[in-house]
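Undergrad: following is a predicted model, sequence given first.
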Amino acid sequence: MPPVDELTFATATDLLGRMRAGDLSPVELLDACLARIKAVDPRVNAFIELLPDSAREAAVESERRYRDGEARALEGLPVPVKDIALVAGTTMTMGSRMALDFPMPMDSEVVARLRAAGAVIFGKTHMPEFGSTVAGESARYGATHNPWDLERTPGGSSSGAAAAVAAGMAPVAHGADGGGSLRIPAAACGLFAVKPSRGRISMEPLGDITENTVYGFITRSVLDSALLIDQTEGYAVGDPYWSSPLARPLVEEVGADPGRLRVGWTVRPPIDVEVNPDWAAAVEEAAGLCESLGHEVEHHDVDWVDEEMQGLFLVLWSAEFSFAVEALRRFGLDPDLLEPHNRALWELGKEHSATAYVTARGRMHDMLKRVLESWSRYDVVLSPVMAQPPPRIGWLFEDVDADPLSPLLPRSAMIAPFTTLLNFTGQPAASLPLAWSGDGLPIGVQAIGNMGDEATLFRLSAQLEAARPWGDRRPPL
């Protein structure tokens, strides 16, 4: 068997090819991931639970399928699941002490589809409480550390997912994105991620009353991401909305000629916060790279600046968060167990009337129409993923005693103002690790596509990956 780190830093596509060729077994690959976790996760804290017994049973079954010529698309690929989805037989805490601490009776639809494609579900990954901040820190599980700098956060809220892949503990990882929670940690950890279009991947059976959250994956390569979305996308009974069908599998878009795209770029955030020069420069360089590849590129400051935005967002977010907390209260759980920022968010949400909530939704809808019209002539718009590098662990919560909401607003917004609006519009958006700072930290460039048009994003992302490869970079862990 190859050395552990050679396996665990390989792409999923490469690993699946080795298993199909008989050069690697699913059990060997699972053992390599578990060995790497044992070696490095005490310093990273990406996993909250491992499932070695059930995972080994699945890996043994995958070995049989390879022998018998019955291998499926993801046969034997180890995939951890963010602690925001149901995995039968495990708890789903969402990083909170206010959680349903009993084994879940079923899988979420996305997990069921991963299993049906042959994936080996082998662990649950860390997230901040209810995914509400851009840092992987929770009172229940402690802090997840960024493999590129252990004093920094890997971003949030798919914190453990990104840290696990970046540190070579998993070839890919499931995550979720309700305001940047795939793109932010991918950017902070030097990985690729796509927030698919609204409804592309089912949220059943939990659903999503906010209409903002979508499941997705954090990967090393563009092709790996396409493969995983292909195996999990599509409508499930109970979904309140779904995206337009893909014309063909996304794996067929990877490497396809994107044609001459109309690309706009901006470094102006929707709110008045400072943008780090390195992150701004990375976008300008990416725009120049697109131009060198034959695309029509121009600077364009999106019309997304609005003084009301943060207020509207807070009304909607707090009301919807309050709904989730009240649902847990019906099971007898105590909101006093919430961390201070989330308790303050819950209390704020209870203050809003139904009229205030619907008014905020209507006002946000009007604003989003203006935003979409602002870039309607572009196929893709580039921006930073984050306005600042991932902060040091603890920074987000320094003012929480004086202002319980400060980890959310202003601090999370200061770090990542560019991502949340795309959850409201529902458009697909990718995070591409196209640059590194002078001190060795990854920098992510956001590529925003039109609604339902993941195909163009994958064609362009694959082209940029080929022109500026990132797959051989490893953190100094």
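TA: Nice, thanks for sending it over.

Undergrad: just give the nearest non-adjacent residue to the most centrally placed residue in the chain, would you?
TA: Centroid check for the chain by CA atoms, centre = their mean gives L182 as the closest residue, at 1.5 Å. Closest residue to L182 apart from its sequence neighbours, by CB to CB, 6 or more residues apart in numbering: A193 at 4.3 Å. The C-beta positions use only the backbone N, C-alpha and C, and glycine is treated the same way.

Undergrad: I'd assumed that neighbour was in a strand, is it?
TA: Yes: A193 forms part of a strand when assessed by DSSP: H, G, I helix; E, B strand; the rest coil.

Undergrad: ok, now which ones touch it?
TA: A193 is in contact with 162, 175, 177, 182-183, 185-186, 216-219, 225, 430-431, counting by CB atoms under 8 Å, 6 or more residues apart in numbering.

Undergrad: quick one: Q446 from D336, how far?
TA: 38 Å (CB to CB, to the nearest Å).

Undergrad: of the two, who's got more company?
TA: The neighbour comparison of Q446 against D336 (other CB atoms under 10 Å) goes to Q446, with 25 against 8.

Undergrad: helix or strand for that one, just tell me which one.
TA: Secondary structure assignment for Q446, by DSSP states H and E: strand 442-449.

Undergrad: listing partners with orientation, what would you give for that strand?
TA: Each strand paired with strand 442-449, and its direction, by DSSP bridges: strand 380-384 (antiparallel), strand 429-436 (antiparallel).

Undergrad: any chance you could map the helices in the stretch 301-450 of the chain?
TA: Assigned by DSSP state H, counting those that start in this stretch, the helices in the stretch 301-450 of the chain fall at 309-329, 340-351, 354-374, 413-415, 420-425.

Undergrad: wait, V134 touches G155, no?
TA: Yes: counting by CB atoms under 8 Å, G155 is a contact partner of V134 at 5.8 Å.

Undergrad: of those two, which one has the most company?
TA: Counted by other CB under 10 Å, V134 and G155 do not tie: G155 has more neighbours, with 34 against 31.

Undergrad: now that one: phi and psi?
TA: When quoted as degrees, to the nearest 10, the phi and psi of G155 stand at phi 90, psi 170.

Undergrad: repeat for Y235
TA: Torsion angles, degrees, to the nearest 10, at Y235: phi -70, psi 150.

Undergrad: that one and S244 touch, don't they?
TA: No: applying CB under 8 Å, one finds Y235 not in contact with S244, separated by 11.0 Å.

Undergrad: so which of the two has more stuff around it?
TA: Y235 (15 against 11).

Undergrad: and the pLDDT at I443?
TA: With respect to pLDDT, I443 scores 98.

Undergrad: what's the burial count for it?
TA: Neighbour tally, I443, other CB under 10 Å: 26.

Undergrad: what do you get for G207?
TA: Going by other CB under 10 Å, the residues that sit close to G207 add up to 12.

Undergrad: pull the contacting residues for it.
TA: Listed by CB under 8 Å, 6+ apart, the contact partners of G207 are G238, D239, P240.

Undergrad: try C189
TA: N146, P147, W148, P154, G155, A162, A163, V165, A166, I218, P442, P475 are the contacts of C189 under CB under 8 Å, 6+ apart.

Undergrad: surely the second one and L441 touch.
TA: Looking back up the chat, that one is P147. No: using CB under 8 Å as the test, P147 is too far from L441 to be in contact (10.9 Å).

Undergrad: neighbour-wise, which of these two wins?
TA: More crowded of P147 and L441, by other CB under 10 Å: P147, with 27 against 20.

Undergrad: mind listing what that one touches?
TA: Taking CB under 8 Å, 6+ apart as the test, what P147 contacts is V40, V44, P154, A163, A166, A167, C189, P475, L477.

Undergrad: where helices are concerned, which of those count?
TA: The helices, defined by DSSP state H, take in V40, V44, A163, A166, C189 from the contacts of P147.

Undergrad: in JSON lines, list the residues you listed along with pLDDT and distance to G69.
TA: Converted to JSON lines, those look like this (pLDDT from 0 to 100; distance: CB to CB, whole Å):
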{"residue": "V40", "pLDDT": "98", "distance to G69": "36"}
{"residue": "V44", "pLDDT": "98", "distance to G69": "38"}
{"residue": "A163", "pLDDT": "98", "distance to G69": "37"}
{"residue": "A166", "pLDDT": "98", "distance to G69": "35"}
{"residue": "C189", "pLDDT": "98", "distance to G69": "37"}
